[in-house]
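Undergrad: I'll drop the sequence and a predicted model, then ask my questions.
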2 protein chains.
Amino acid sequence: MVDSFRIGIAGLGTVGAGVIKILQTHQTMISGRAGCSVEIVAVSARDKSKDRGVDLSRYEWLDKAASLAGRDDLDAVVELIGGEEGDALELARNALDNGISFVTANKALLAHHGYDLAVLAEENNVSLMYEAAVAGGIPIIKSLREGFAANEIEAVYGILNGTCNYILTEMRETGRPFSDVLKEAQDKGYAEADPEFDIEGIDSAHKLCLLSSLAFGVKPDFQTLKAQGISHITAADISYAQELGYRIKLLGISRQIDGTIIQMVEPCLVSESSTMGAVEGVFNAVFVEGDFVGTELQIGRGAGEGPTASAIVADIIDLARGYKVPAFGIPALMLADANKGDPGEMESRFYIHLTVIDKPGVLAEITAIMRDHDVSMEDVLQRGRDPENSASVVITSHSTKQAEIHKAVAKIESLDFVVKNPTLLRIENF
Amino acid sequence: MVDSFRIGIAGLGTVGAGVIKILQTHQTMISGRAGCSVEIVAVSARDKSKDRGVDLSRYEWLDKAASLAGRDDLDAVVELIGGEEGDALELARNALDNGISFVTANKALLAHHGYDLAVLAEENNVSLMYEAAVAGGIPIIKSLREGFAANEIEAVYGILNGTCNYILTEMRETGRPFSDVLKEAQDKGYAEADPEFDIEGIDSAHKLCLLSSLAFGVKPDFQTLKAQGISHITAADISYAQELGYRIKLLGISRQIDGTIIQMVEPCLVSESSTMGAVEGVFNAVFVEGDFVGTELQIGRGAGEGPTASAIVADIIDLARGYKVPAFGIPALMLADANKGDPGEMESRFYIHLTVIDKPGVLAEITAIMRDHDVSMEDVLQRGRDPENSASVVITSHSTKQAEIHKAVAKIESLDFVVKNPTLLRIENF
């Protein structure tokens, strides 16, 4: 046990300021819990003069984050710079190499370089901690790495991006189109000025591959993870889904099936009466299925100053308590290459929204193609809404192989009466 | 790091057999996660000849659990005997005193002796672990002790007893009376032959005082915790609650208010559209409110072989990994005596069910008493259902002090037209 646990903080945006706020507000309480005082030694950010609402006068100011890594008076560096390369990566490598533990909220960095950094941490007998990188205030990294360590994990899935969930919730509640609600979310600070990472599912994919790694003992595998976002979801899709008893959620899903791992990020229909369907607004939710524990679910705030800073400080307290655990639950050198399964083989129900020219025989042709691909249909809605004589045909299928439904939809799409790209969404039963 | 982490198991009921099953099934996986092999050295139970569905032939058999504590070849003893005194307590004291860590699912033991045992563990530089004691497969002990360690906790509450939740769910879904459903639960193995601990709220109270201790840094305080069970809840109460948009749940609630701690276990009305209201059957749910993390919720299986054994083995893996953390999150000697708040001062809405003789003026007298105690009413239902000319009057109040509503109900109870003890239940908004 040491008398004090000394940290440096790189990056003083919302979360960085939140970390300082917690450590200042709860100094005594945290000393009691950590078994020693947690001391901020030095901080670094771009603009020294900016008012961050916290008193920085007692900490050494460094203009360059990189200089934190070379110090010999730090037990851990907290990285809140962001970005998968550049300063964040350099700081991570140099700090770990210098025997300083590394605490980060940076999912992009770890999705790309998590394996190498975990190896480096273990070579230098220090820790790589990232509770804040996935689902903010929900302690899902700790739960998978420790709480469910007795289980072979069968699946981990959930709502991993609060921005998308906020947008989808608002679209449903107000009937407004995607672009409108995105703009509002940006104005409110719920979405970034450059929203691509969030709305194209990349942020969820970063998080999902960290969860997969922990759950299944494999190297983070971002490269092969195909993410689909929510920018193609229309108000009409949300409304049809609702009519059929569903809500649309952007889900990250990772399943172990016969020794292979299937990872996907895509908007899915979930029952409006399910727990997943009830997770609305900026909230995140993560489900874990283990062979002994069964299904466990955690719901909480996935982003924002308080929840994210809370997760960062929890990691710091763990380190100060002397806890040392491999970043991905097993020694990095034991992590396997993910044996990627074929999503085409996965069976589920699907939602298909076609926009067609409203003329006789259209439905007959569509349903004939479905039949030819062995896709049996559950619900069919036909609505003529459009002033330009186009109609919507919405179909939900019974359980069918993804590859088959893709073939069927591709064939339908090539018909001359189909006037827009069809929307094809998985229906997930939880 | 040691080559193997050696354990002894006392008690081979369902959970004990489950622990052995996990350690045998997942031997290689657990070695990878723990950083060493986990080895069962010796086991003990009452009846050696009983078939438990697991192979015990490789383990030393001890007729007396007590002899586990004296051994010098064990790193931890797993206690699954149960009971707050007797063999379990003796084993705990002797094992810890002999420098052996103690892992248990025994909430009664810890609710009564947790403080002394935590002190003893720290004096001997070993650990007292009890993830399995509260909410089975939900890693709520770890979450409070570590995941939310950066927060001042404002409240922790939830559905902590699966047996009661199963009974209340069944009563609502089938309209059957308590005694019927209890009998069925006993036949199915969801309730003990002697169900008192479960149905009178004592089991929930044991768990709640462990959660309070972790959340607020106080000694477990079971003695002053007044628990109310569910045996007085009638099918009529459940039906009236449903008519008003609520479900009845047995809740454990612990709140920190102005430096005092208010703990209660009682059946409450919760909105049927709330997440808490949607937790049905044998599931448990725990909510935590922290000043930075906000509200976080975990839902999972609260009992049964798999979930409970999963939690026990998670504790074992933590110990094998070398993690050492005080049992209640801070050193035991720093735990304060709980400064008990006055529940009478707590304000909430209430549900009151009165059975009265159906004659003119009854409602006028009741409402006059309510007015005299400053209790304003939200909903009033009057129903003449009973063949013996008695009627039900169901009232929900606006927010009011518990002490006031108790006085009002006591006065109403003394009126000669009230023919049964009134039912008074808190309405909780989550």
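TA: Arrived safely, thanks for sending.
Undergrad: hey, let's count contacts and neighbours off CA atoms from now on
TA: Noted.
Undergrad: ok, now which ones touch the residue most central in space within chain A?
TA: Most central in chain A under C-alpha atoms, centre = their mean is residue A:204, positioned 2.9 Å from the mean C-alpha point. Going by C-alpha atoms under 8 Å, 6 or more residues apart in numbering or on different chains, residue A:204 touches A:160, A:161, A:198, A:251, A:252, A:265.
Undergrad: Where do the helices of chain A begin and end?
TA: Taking DSSP state H as the test, the helices found in chain A are A:14-25, A:27-34, A:66-69, A:86-97, A:107-123, A:140-142, A:162-174, A:178-188, A:196-199, A:202-216, A:235-243, A:305-320, A:362-372, A:402-413.
Undergrad: For those, could you give me TSV that also reports mean pLDDT?
TA: Below are these laid out as TSV (pLDDT from 0 to 100):
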stretch	mean pLDDT
helix A:14-25	97
helix A:27-34	97
helix A:66-69	96
helix A:86-97	97
helix A:107-123	98
helix A:140-142	98
helix A:162-174	97
helix A:178-188	94
helix A:196-199	95
helix A:202-216	97
helix A:235-243	96
helix A:305-320	97
helix A:362-372	94
helix A:402-413	96
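Undergrad: Show me the one of those that comes nearest residue B:30.
TA: Nearest of the helices of chain A to residue B:30, taken as C-alpha to C-alpha: helix A:202-216 at 12.6 Å.
Undergrad: Just give the closest residue to residue A:82, not the sequence neighbours.
TA: residue A:106 (5.6 Å; C-alpha to C-alpha, 6 or more residues apart in numbering or on different chains).
Undergrad: Quick check: pLDDT value at that neighbour.
TA: Per-residue pLDDT puts residue A:106 at 97.
Undergrad: any idea how far it is from residue A:135?
TA: Per C-alpha to C-alpha, to the nearest Å, residue A:106 is found 12 Å from residue A:135.
Undergrad: who has more neighbours, those two?
TA: Counted by other C-alpha atoms under 10 Å in any protein chain shown, residue A:106 and residue A:135 do not tie: residue A:135 has more neighbours, with 30 against 23.
Undergrad: Would you mind confirming that that one is in contact with residue A:158?
TA: No: applying C-alpha atoms under 8 Å, one finds residue A:135 not in contact with residue A:158, separated by 9.6 Å.
Undergrad: what's the overlap in contacts for these two?
TA: Shared contacts of residue A:135 and residue A:158, counting by C-alpha under 8 Å, 6+ apart, come down to A:284, A:285, A:286.
Undergrad: Pull the contacting residues for the second one.
TA: Residues counted as contacts of residue A:285 (C-alpha under 8 Å, 6+ apart) are A:135, A:158, A:159, A:160, A:276, A:279, A:297, A:298, A:299, A:300.
Undergrad: Recalculate using a threshold of 6 Å.
TA: Counting by C-alpha atoms under 6 Å, 6 or more residues apart in numbering or on different chains, residue A:285 makes contact with A:158, A:159, A:298, A:299.
Undergrad: List the beta-bridge partners for the last one.
TA: What that stands for is residue A:299. residue A:285, residue B:297 (DSSP bridges).
Undergrad: Surely it is in contact with residue B:297?
TA: Yes: Residue A:299 is within contact range of residue B:297, at 5.1 Å (criterion: C-alpha atoms under 6 Å).
Undergrad: Can you pick out the residue with more neighbours from those two?
TA: With neighbours defined as other C-alpha under 10 Å, residue A:299 and residue B:297 compare such that residue A:299 has more, 26 against 21.
Undergrad: Give me the distance between that one and residue A:280.
TA: According to C-alpha to C-alpha, residue A:299 and residue A:280 sit 10 Å apart.
Undergrad: Equivalent analysis for residue A:337, please.
TA: 35 Å.
Undergrad: So those two - more neighbours on which side?
TA: Legend: neighbour count by other C-alpha under 10 Å for residue A:337 and residue A:280, higher for residue A:280 (19 against 12).
Undergrad: show me the residues around that one that make contact.
TA: residue A:169.
Undergrad: Likewise for residue A:369?
TA: Neighbours of residue A:369 in contact, by C-alpha under 6 Å, 6+ apart: none.
Undergrad: from the contacts of residue A:204, which is closest to chain B?
TA: Closest approach to chain B among these (C-alpha to the nearest C-alpha): residue A:160, at 14.7 Å.
Undergrad: Quick check: phi and psi at that closest one.
TA: In terms of degrees, to the nearest 10, the main-chain angles of residue A:160 are phi -110, psi 0.
Undergrad: Assess the claim that it and residue A:284 are in contact.
TA: Yes: assessed by C-alpha under 6 Å, residue A:160 is found in contact with residue A:284 at 5.5 Å.
Undergrad: between the two, which one's more packed in?
TA: residue A:160 (32 against 27).
Undergrad: and residue A:291, how many neighbours?
TA: The burial count for residue A:291: 17, using other C-alpha under 10 Å.
Undergrad: repeat for residue A:142
TA: Neighbours of residue A:142 (other C-alpha under 10 Å): 23.
Undergrad: so how far is chain B from it?
TA: 7 Å (C-alpha to the nearest C-alpha, to the nearest Å).
Undergrad: Over to residue A:360?
TA: As for residue A:360, its distance to chain B is 44 Å (criterion: C-alpha to the nearest C-alpha).
Undergrad: got the contact list for residue A:267?
TA: A:249, A:250, A:251.
Undergrad: Just the ones of the residues you listed in strands?
TA: With strands taken from DSSP state E, the overlap with these comprises A:249, A:250, A:251.
Undergrad: buried set for stretch A:400-418?
TA: For stretch A:400-418, the neighbour count (16 or more other C-alpha atoms under 10 Å in any protein chain shown) marks A:400, A:401, A:402, A:404, A:405, A:408, A:409, A:412, A:413, A:418 as buried.
Undergrad: State the mean pLDDT of stretch A:47-59.
TA: 95.
Undergrad: what's the span of it, first residue to last?
TA: 15 Å.
Undergrad: that older thread, so how far is residue A:253 from the residue nearest to the centre of chain A?
TA: In terms of C-alpha to C-alpha, residue A:204 sits 10 Å off from residue A:253.
Undergrad: Repeat that for residue A:21.
TA: From residue A:21 to residue A:253 the distance is 34 Å (C-alpha to C-alpha).
Undergrad: try residue A:238
TA: Taking C-alpha to C-alpha, one finds residue A:238 at 21 Å from residue A:253.
Undergrad: same question, residue A:273
TA: Residue A:273 is 20 Å from residue A:253, where distance means C-alpha to C-alpha.
Undergrad: Equivalent analysis for residue A:82, please.
TA: Relative to residue A:253, and taking C-alpha to C-alpha, residue A:82 is found at 24 Å.
Undergrad: hmm, back to that, among the contacts of residue A:285, which pair sits farthest apart?
TA: The most widely separated members of the contacts of residue A:285 are A:159 and A:298, with 10.5 Å between them, by C-alpha to C-alpha.
Undergrad: Of these two, give the one with the bigger neighbour count.
TA: Using other C-alpha under 10 Å, the more surrounded residue of residue A:159 and residue A:298 is residue A:159, with 29 against 24.
Undergrad: just checking, the more buried one touches residue A:284?
TA: Yes: the criterion here is C-alpha under 6 Å, and residue A:159 meets it with residue A:284 at 5.1 Å.
Undergrad: List, one by one, the residues from chain A near chain B.
TA: By C-alpha under 6 Å from any C-alpha of the partner chain, the residues of chain A that approach chain B are A:32-33, A:137, A:139, A:147, A:149-150, A:292-293, A:296-300, A:306-307, A:310, A:313-314, A:323, A:329-330.
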